[in-house]
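Participant: curious how this folds, go ahead:
(chains A, B, C and D)
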Protein chains: 2
Amino acid sequence: MNTSKKILIADDEQDILEILQFNLEAEGYLVATAKNGEVAIEIAKSFAPDLIILDIMMPGKNGMDVCKQLRSIDTFKNTLIIFLTAIKDESNEIKGLETGADDYLTKPIRPKVLISKINSLFRRMLPEKNPATQFGNLFIDREKYSVRLNNTDVVLARKEFELLSLLASKPGKVFLRNEILQKIWGTEVIVGDRTIDVHIRKIRQKLNLDCITTVKGVGYKFEG
Amino acid sequence: MNTSKKILIADDEQDILEILQFNLEAEGYLVATAKNGEVAIEIAKSFAPDLIILDIMMPGKNGMDVCKQLRSIDTFKNTLIIFLTAIKDESNEIKGLETGADDYLTKPIRPKVLISKINSLFRRMLPEKNPATQFGNLFIDREKYSVRLNNTDVVLARKEFELLSLLASKPGKVFLRNEILQKIWGTEVIVGDRTIDVHIRKIRQKLNLDCITTVKGVGYKFEG
DNA sequence: TTTTCACTTAACAATTTGATAATATTAATA
DNA sequence: TATTAATATTATCAAATTGTTAAGTGAAAA
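Facilitator: Reported below is the predicted structural model:
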């Protein structure tokens, strides 16, 4: 699930490249570097980064040119792009954002700010990806509210879906009955214990798959 | 569909509020203001802004507290939040982003930078809707406001079109009733639940095509 | 003004869902 | 093995949810 994010850095200053690479890798990111704009575009195509950090001032093709060119390629229409600039020049900042960059950073670089900013950008991007999970040939798609087993849709009622979805959110983890009640029924509503059983039963019946295990005296768990 | 974006600004300095309000309104945004954190939260609940600009330094509840509190409310889980700070303090910047803000701006405020940044944030948030989409032999053209099925024009009323268009913008995704009300009717207007059903009914009737599925207790989804 | 149209609502029908009770079954333990 | 506590199963019914039709409303067009 958690493959690390890929970041491409383009800067003509070797120092900057190293500082950024070091800090980003320490954070768990996969980093590629390019020492000018032309190389950056080439690497971007094969490396397919999730984020590109572009120095604005580079010999040859500068950061904004690179950005424009990247944005014209479908693959990079939605890639995050951050500009790096020493110039505290307002007009440049503006141009940057209007060229299609997502943010900019000013030199000197403060690693902690950089990391925070990047984490923050990624966090914001997260909800875009499919909140779907797969176990063997069982697909659970929370957005579509759908469950597919062996390429066949299985229709689950809301509570059933929520229950399965909850259990499958942490395969292997045993959810206590209280926990389940709390998370699916909330604190307001009070229902008997048998209610959970009945829903579990229906899920098992509909899926006809042995993926929910009873842990007697404790709760239930999903096993992929 | 949704008209202009709504922005809420919270700052204790009247000057700042006015400058921001003036510039943002000139850009076509709808602006609400709050002169402290508590008021901001109250207004946010009724105004339902797309973006919230929070001054960090405010008497009483400061910007970060407000941010945390807002983020704990479902409605604001994904609302854009920008911090405003006079302090060029690195640790503050970091805290800001890690509290769940999406960006920060330092005072003094440079209106053009601000506008650029905001436009940029919104641009990124756009669900990137294609002007026209096709599913089988059903064409939906958002620009022309027209629907063609089997090479015959189907005339849909505005609300019907918007509803179909919304559902079709993410085939498969289940749109909650609240979500639909929010996006098509906005937060101002309050209409009954049957209203949605009736529109759905008319679409189904006019298209005479089984492309909208009901997910009981949840919402509706379009399936291409 | 009258007509038309989009939109909303009310009222009721149809359907689905979820909770419970009652009973059966299972697993742990004395 | 007998006992017991916990869970599984089943059928049933009330409540929740949606579908449908017809009628009301207000604004724009004729």
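
Participant: could you list the low-pLDDT ranges of chain A?
Facilitator: Scanning chain A for pLDDT under 70 picks out A:1-3, A:87-97, A:125-130, A:224.

Participant: which single residue in it comes nearest to DNA strand D?
Facilitator: Minimum separation of chain A from DNA strand D (Cβ to the nearest atom of the strand) falls at residue A:214, amounting to 3.5 Å. In short, each C-beta sits where N, CA and C put it, glycine included.

Participant: gap between whatever residue of chain A ends up closest to DNA strand C and residue B:218?
Facilitator: Of all residues in chain A, residue A:157 sits closest to DNA strand C, at 2.9 Å by Cβ to the nearest atom of the strand. Going from residue A:157 to residue B:218 by Cβ to Cβ, to the nearest Å gives 10 Å.

Participant: so how far is the helix or strand harbouring the residue of chain A closest to DNA strand D from its chain's centroid?
Facilitator: Residue A:214 is part of strand A:212-215, with elements assigned from DSSP states H and E. With Cα atoms, centre = their mean, to the nearest Å as the basis, strand A:212-215 stands 30 Å off its chain's centre.

Participant: who does it pair up with?
Facilitator: In the sheet, strand A:212-215 lines up against strand A:219-222 (antiparallel) (DSSP bridges).

Participant: who touches the strand it pairs with?
Facilitator: Contact with strand A:219-222 is made by A:135, A:164, A:167-168, A:170-177, A:179-180, A:196, A:200, A:211-215, as judged by Cβ atoms under 8 Å, 6 or more residues apart in numbering or on different chains.

Participant: tell me where chain A has strands.
Facilitator: For chain A, applying DSSP state E gives strands covering A:6-10, A:30-34, A:51-55, A:80-85, A:103-106, A:132-135, A:138-141, A:146-149, A:152-154, A:174-176, A:212-215, A:219-222.

Participant: the third one vs strand A:80-85, what angle?
Facilitator: If I follow you right, that is strand A:51-55. Strand A:51-55 and strand A:80-85 are oriented at 20 degrees to each other (axes from the mean of the first three to the mean of the last three Cα atoms, to 10 degrees).

Participant: okay, now the sheet partners of strand A:51-55, with direction.
Facilitator: Strand A:51-55 has its sheet partners listed here by DSSP bridges as strand A:6-10 (parallel), strand A:80-85 (parallel).

Participant: tally of neighbours for the closest residue to residue A:173 other than its chain neighbours?
Facilitator: Closest residue to residue A:173 apart from its sequence neighbours, by Cβ to Cβ, 6 or more residues apart in numbering or on different chains: residue A:221 at 6.0 Å. Neighbour count of residue A:221, defined by other Cβ atoms under 10 Å in any protein chain shown: 18.

Participant: next to DNA strand C, which bits of chain A? Give me the list.
Facilitator: A:155, A:157-160, A:185, A:189-192, A:194-195, A:198-199, A:216 (Cβ under 7 Å from any atom of the strand).

Participant: got the residues of chain A near chain B?
Facilitator: Within chain A, the residues that sit near chain B (Cβ under 8 Å from any Cβ of the partner chain) are A:78, A:90, A:93-94, A:97-98, A:101-103, A:110, A:112-113, A:116-117, A:119-120, A:124, A:127, A:141, A:143-146, A:157-158.

Participant: now restrict those to buried residues only.
Facilitator: Among the residues of chain A next to chain B, those buried by neighbour count (16 or more other Cβ atoms under 10 Å in any protein chain shown) are A:93-94, A:97, A:101-103, A:113, A:116-117, A:119-120, A:124, A:141, A:144-146, A:157.

Participant: against residue A:222, how distant is residue A:197?
Facilitator: Counting by Cβ to Cβ - residue A:197 and residue A:222 are separated by 16 Å.

Participant: more neighbours: which of these two?
Facilitator: Neighbours per residue, other Cβ under 10 Å: of residue A:197 and residue A:222, the larger number sits with residue A:222, 24 against 13.

Participant: the nearest residue to that one once chain neighbours are set aside: neighbour count?
Facilitator: Closest residue to residue A:222 apart from its sequence neighbours, by Cβ to Cβ, 6+ apart: residue A:167 at 3.8 Å. For residue A:167, the count of nearby residues is 25 (other Cβ under 10 Å).

Participant: and the helices in chain A?
Facilitator: With DSSP state H as the criterion, chain A has helices at A:14-26, A:37-47, A:63-71, A:90-99, A:111-125, A:158-169, A:177-180, A:193-207.

Participant: return the fifth one as PDB; C-alpha atoms alone will do.
Facilitator: Below are the C-alpha coordinates for helix A:111-125, written out as PDB (Å, rounded to 0.1, in the frame of the first residue of the first chain):
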ATOM      1  CA  PRO A 111      15.000  21.800   5.500                       C
ATOM      2  CA  LYS A 112      12.300  21.600   8.100                       C
ATOM      3  CA  VAL A 113      10.100  24.000   6.400                       C
ATOM      4  CA  LEU A 114      10.700  22.200   3.100                       C
ATOM      5  CA  ILE A 115       9.800  18.800   4.600                       C
ATOM      6  CA  SER A 116       6.700  20.300   6.200                       C
ATOM      7  CA  LYS A 117       5.500  21.900   3.100                       C
ATOM      8  CA  ILE A 118       6.000  18.700   1.100                       C
ATOM      9  CA  ASN A 119       4.300  16.500   3.600                       C
ATOM     10  CA  SER A 120       1.500  19.000   3.600                       C
ATOM     11  CA  LEU A 121       1.100  19.000  -0.200                       C
ATOM     12  CA  PHE A 122       1.100  15.200  -0.300                       C
ATOM     13  CA  ARG A 123      -1.400  15.000   2.500                       C
ATOM     14  CA  ARG A 124      -3.700  17.300   0.500                       C
ATOM     15  CA  MET A 125      -3.300  15.100  -2.600                       C
END
